[in-house]
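Participant: Give me the fold of what follows.
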Amino acid sequence: MSIFTHESMTNHHADGLLSQVGETLHVWWDRYERRRELAQWSDRDLHDIGMSRSDVAFETEKPFWRA
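Facilitator: Okay, the predicted model is just below:
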């Protein structure tokens, strides 16, 4: 058995870390897309969901990493 492939030499956390990074990037992209779409909504659409243009401005000015 090679010492380079021994179980004690492998990173058991790599898959979990990559999965977390991937999930974070997915959430950030989703926020970006949803905020961009919200900025395109009509006043009537916004009224239907109880939002004003100032609410939209507040939401769309947030950076993608902020919830």
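Participant: now for the longest helix seen in the chain, which elements pack on it?
Facilitator: If you go by DSSP state H, the chain has its longest helix at helix 14-38. The criterion is 3 or more C-beta pairs under 8 Å, 6 or more residues apart in numbering; DSSP states H and E, and the helices and strands that helix 14-38 contacts are helix 53-60. To be clear about C-beta, it is placed using only N, CA and C from the backbone, and glycine gets the same treatment.
Participant: Mind giving me the packing neighbours of the helix it packs on?
Facilitator: With contacts defined as 3+ C-beta pairs under 8 Å, 6+ apart, helix 53-60 has these neighbours: helix 14-38, helix 43-49.
Participant: and the shortest one, average pLDDT?
Facilitator: Per-residue pLDDT over helix 43-49 has a mean of 97.
Participant: so how far is that helix from its chain's centroid?
Facilitator: 25 Å (C-alpha atoms, centre = their mean, to the nearest Å).
Participant: Can you mark which positions in it are buried?
Facilitator: The neighbour-count check on helix 43-49 (16 or more other C-beta atoms under 10 Å) flags nothing as buried.
Participant: Run through who's touching that helix.
Facilitator: 52-53, 55-56 (C-beta atoms under 8 Å, 6 or more residues apart in numbering).
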